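J.: Let me see the structure of the following:
(2 chains)
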Amino acid sequence: MSVRVRFAPSPTGFLHIGGLRTALYNYLFARHHGGTFVLRIEDTDQNRYVEGAEHDIITSLEWAGMTIDEGPHKPGDVGPYRQSERKEMYHKYAKQLVDDGHAYYAFDTTEEIDEMRERLKKSGNPSPSYDSITRQSMKNSLTLPQDEVEKRLAAGDEYVIRLKVPRRETVKFEDLVRGIVSFETAGLDDQVLMKSDGMPTYHLANVVDDHTMGITHVIRGEEWLSSAPKHMLLYKAFGWEPPTMAHLPLIMSPSGGKLSKRKAESEGIPINTKDYIIGNYEPNALINFLAYLGWSPGDDSEIHSMEELCKLFTLDRVSKGGAVFNHKKLMWYNEHYIRESSVEELLVRVKILMQDAGFEVVDDNYLKTVIELLHDRVSKVDEFVSMGAFFYQAPEEYDPNALKKWKDDSAGFVKAYQAKIEEFSEEDFVAANLKSALEETVSENEVGFGKVMMPVRIATTGQGFGPDLFASLELLGKQETLNRIDKALEKLN
RNA sequence: GCCGCGUUCGUCUAGGGGUCCAGGACGCCGCCCUUUCACGGCGGUAGCACGGGUUCAAAUCCCGUACGCGGUACCA
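T.: Numbering: from 1, shown residues only, chains lettered A, B, ... in the order given. Below you'll find the predicted structure:
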């Protein structure tokens, strides 16, 4: 049987970075086995529905380099791919469960349930729930006379359908990352399957869908592990073969705990995939990083393309413990992939960023040289803009930090250097000559190299660091260089 | 509270009883390269949560404890 996996997010906001990793593991598993990667939108909670979320999910996955084989925008044979559009199906199956005695109608109001909880809590039960004991004293089709149940249903009374969890049973199943896990049904409550608004809960929908969509492996976050036994009970009640389970370790925040929006942001970690897109991160870097957050191929390798990851990925090599998100390591990957990119590839992207920043890019070759000069020093592509701005604009301000190196004698050295390079013809205005001119200035004044070089750098670039100064000046050209020096001399004295 | 899952350098991880006084990567520190800042190269720092077993031998197996995380909804 060929592998079919699904990524099943709920459209309650932007695609979370943890969700992206879950999607990635599903994707890698599918590709590794030549299987199918399905996107299913779990929009059964109408209150939390966010407009545009589905679009964000799809574009985020595509940006990251995952191709969705089937989804709401790309229907296959087992659609629809939005749970809200499969409503009828859930009704049918829930009804079947009731008829077979595995589920029942419950008419209790929220208030009545709250009362029950209060009452039980007072009498010493620390965690009261609607279960095999308490259901006997509640209003449901198990306690009410048959004709009243029918009357209520006919009258359109609000009701939910609950799973009739067996009283004492052990639910055991094999999880591909954790091994055998087992739960006692005594600790489970009679989970609501159909809500009073006519929508199914996640639990019902997920089981019905995974079965009817032919899903062979359920790969999802560990937060689902606790409800997995309920799902197993459902498969059993339906008489269906459950898919193979694999619960992934959670991504943790550096300060501990599940990486939540609030935590992540206070720790400088972008939380939504969208933030990485607009933050100009390299998608292959993010993917490489995420793949290794909770998984490793078992050798000493660190760098792999999506294609290689597909070949290497197996679920038995997923680790069990939560993994802390390490932003610095992500940046290391990001730098690596930028360095791997050719200047031509970079040119296309940097040009757009430059233009967005308001710089006019008239000469591609000029930009190309800028990129070459900066290639090894940027961490993200947008730094080509921030670090390379001086190639497009004379400094208005001088970095106060760099200015610490502008001493009383600096202006004199800069003037001396200026005098030398002024003599160069346009053709001679090249890095090698510019460097020797500086060396001459240095020896004539009997000072250290830095005493002259730094002031020249500050005057021409406004910064105390940057790419090779002489190559930079060559690119800037004679006139521009001289102008900048004039201006600096004027401003800094 | 109850249920479940987990625990190897600061972080991600390798390790499935002897070859492990535990390997790699990020970070950090140092040196080299560079008469800037980076890149790069080389080196260093640092860890098997604890306690009991089992065994000739345990990071590896078993049992406890501690700690962490998740779940405990008509949310997913």
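J.: For the residue of chain A most remote from its centre, what is the enclosing helix or strand?
T.: Among the C-alpha atoms of chain A, the one most distant from their mean position (Cα atoms, centre = their mean) is that of A:Glu444, at 57.2 Å. With secondary structure defined by DSSP states H and E, A:Glu444 is part of helix A:431-445.
J.: hmm, that helix touching RNA strand B?
T.: Yes. Contact of helix A:431-445 with RNA strand B is found when judged by Cβ under 7 Å from any atom of the strand, involving A:439, A:442. Yep, even glycine has a C-beta here, placed from its N, CA and C like the rest.
J.: picking that back up, could you measure from the closest residue to the residue farthest from the centre of chain A other than its chain neighbours over to RNA strand B?
T.: With Cβ to Cβ, 6 or more residues apart in numbering as the criterion, A:Glu444 has its nearest non-adjacent residue at 7.3 Å, and that residue is A:Ala416. The gap separating A:Ala416 from RNA strand B is 15 Å, by Cβ to the nearest atom of the strand, to the nearest Å.
J.: Please give the number of neighbouring residues around A:Ala416.
T.: 17 (other Cβ atoms under 10 Å).
J.: for the one 5 residues further on, same thing?
T.: Applying other Cβ under 10 Å, we find 20 residues neighbouring A:Ile421.
J.: residues in contact with the residue lying closest to it once chain neighbours are set aside?
T.: Distances taken as Cβ to Cβ, 6+ apart place A:Ala437 nearest to A:Ile421, at 5.4 Å, with adjacent residues excluded. Neighbour list for A:Ala437: A:417, A:420-421, A:424 [criterion: Cβ atoms under 8 Å, 6 or more residues apart in numbering].
J.: can you do 10 Å?
T.: Shown in contact with A:Ala437 (Cβ atoms under 10 Å, 6 or more residues apart in numbering): A:416-424, A:428, A:452, A:470.
J.: Spell out which residues of the stretch 201-350 of chain A are next to RNA strand B.
T.: So the stretch 201-350 of chain A meets RNA strand B at A:201-203, A:222-227, A:249-250, A:252, A:254, A:256-258, A:292-296, A:298, A:300, A:302, A:317, A:319-324, A:326, A:328-329, A:331-332, A:335, A:339 (Cβ under 7 Å from any atom of the strand).
J.: again, only this time at 6 Å
T.: By Cβ under 6 Å from any atom of the strand, the part of the stretch 201-350 of chain A that sits against RNA strand B consists of A:201-202, A:222-223, A:225-227, A:250, A:256-258, A:292-294, A:296, A:298, A:300, A:302, A:317, A:319-324, A:326, A:328-329, A:332.
J.: sorry, back to before: the residue farthest from the centre of chain A contacts A:Lys420, doesn't it?
T.: Yes. Contact criterion Cβ atoms under 10 Å: A:Glu444 and A:Lys420 qualify, at 9.4 Å.
J.: With A:Leu250 as the reference, measure out to the nearest residue to A:Tyr366 once chain neighbours are set aside.
T.: The spatial neighbour of A:Tyr366 that comes closest, neighbours along the chain excluded (Cβ to Cβ, 6+ apart), is A:Leu475 at 6.9 Å. Remark: distance between A:Leu475 and A:Leu250 (Cβ to Cβ, to the nearest Å) = 49 Å.
J.: give me every residue that touches the residue lying closest to A:Asp157 once chain neighbours are set aside.
T.: Spatially, and ignoring its direct neighbours in sequence, A:Asp157 is nearest to A:Phe107 (5.9 Å; Cβ to Cβ, 6+ apart). With contacts defined as Cβ under 10 Å, 6+ apart, A:Phe107 is in contact with A:138-141, A:143-144, A:148-149, A:152-153, A:157-160, A:196.
J.: just curious, which of the residues you listed is nearest to RNA strand B?
T.: Within these, proximity to RNA strand B (Cβ to the nearest atom of the strand) peaks at A:Ser196, which comes in at 3.4 Å.
J.: The closest one: neighbour count?
T.: Close neighbours of A:Ser196, defined as other Cβ under 10 Å, add up to 15.
J.: Quick one, grab the pLDDT at it.
T.: At A:Ser196 the predicted local distance difference test score is 95.
J.: I'd say it and A:Arg162 touch.
T.: No. Using Cβ under 10 Å, A:Ser196 is not in contact with A:Arg162, being 11.6 Å away.
J.: After the helix or strand containing A:Asn365, which helix or strand is next?
T.: Using DSSP H and E, A:Asn365 sits in helix A:364-374. Next in sequence after helix A:364-374, counting helices and strands by DSSP H and E, comes helix A:383-388.
J.: buried residues in that next one?
T.: Of the residues in helix A:383-388, A:383-385, A:387-388 count as buried by neighbour count, 16 or more other Cβ atoms under 10 Å.
J.: which of those residues lies closest to RNA strand B?
T.: Nearest to RNA strand B among the buried residues of helix A:383-388 is A:Met387, at 8.9 Å by Cβ to the nearest atom of the strand.
J.: Quick check: chain neighbours aside, which residue is closest to that closest one?
T.: The spatially closest residue to A:Met387, leaving aside those adjacent along the chain, is A:Leu374, at 5.6 Å (Cβ to Cβ, 6+ apart).
J.: Now for the one you found: which residues touch it?
T.: A:338, A:346, A:350, A:383-388, A:391, A:466-467, A:472.
J.: let's go with 6 Å and repeat that
T.: If you count contacts by Cβ atoms under 6 Å, 6 or more residues apart in numbering, A:Leu374 has them with A:384, A:387-388, A:467.
J.: Which ones, among those, also lie beside RNA strand B?
T.: Taking Cβ under 6 Å from any atom of the strand, the overlap between the contacts of A:Leu374 and the neighbourhood of RNA strand B is A:Pro467.
J.: Could you list the domains of chain A?
T.: Taking automatic domain parsing as the reference, chain A has its domains at A:4-72+A:206-250, A:87-194, A:261-338, A:342-384, A:400-492.
J.: Tell me which of these sits most buried.
T.: Ranked by mean neighbour count, those are led by domain A:4-72+A:206-250 with a mean of 20 (mean count of other Cβ atoms under 10 Å).
J.: Can you give me the first-to-last residue distance of that one?
T.: The straight-line separation of the ends of domain A:4-72+A:206-250 (Cα to Cα, to the nearest Å) is 23 Å.
J.: what's the offset of it from the middle of its chain?
T.: In terms of Cα atoms, centre = their mean, to the nearest Å, the centre of domain A:4-72+A:206-250 is set 15 Å apart from its chain centre.
J.: pLDDT averaged over that domain - what is it?
T.: When pLDDT is averaged over domain A:4-72+A:206-250, the result is 97.
J.: Check stretch A:334-353 too.
T.: Here the mean pLDDT over stretch A:334-353 is 96, rounded to a whole number.
J.: residue in the stretch 51-200 of chain A nearest to RNA strand B?
T.: Residue of the stretch 51-200 of chain A nearest RNA strand B, by Cβ to the nearest atom of the strand: A:Ser127 (2.7 Å).
J.: which residues are contacting stretch A:264-284?
T.: Among residues not part of stretch A:264-284, those counted as contacts by Cβ under 6 Å, 6+ apart are A:14-15, A:17, A:20, A:60, A:63-65, A:254, A:261, A:286, A:325, A:327, A:334, A:337, A:380-382.
J.: tell me the helices in the stretch 301-450 of chain A, going along the chain?
T.: Defined through DSSP state H, counting those that start in this stretch, the helices belonging to the stretch 301-450 of chain A, from first to last, are A:306-312, A:327-340, A:343-356, A:364-374, A:383-388, A:400-403, A:410-422, A:431-445, A:449-461.
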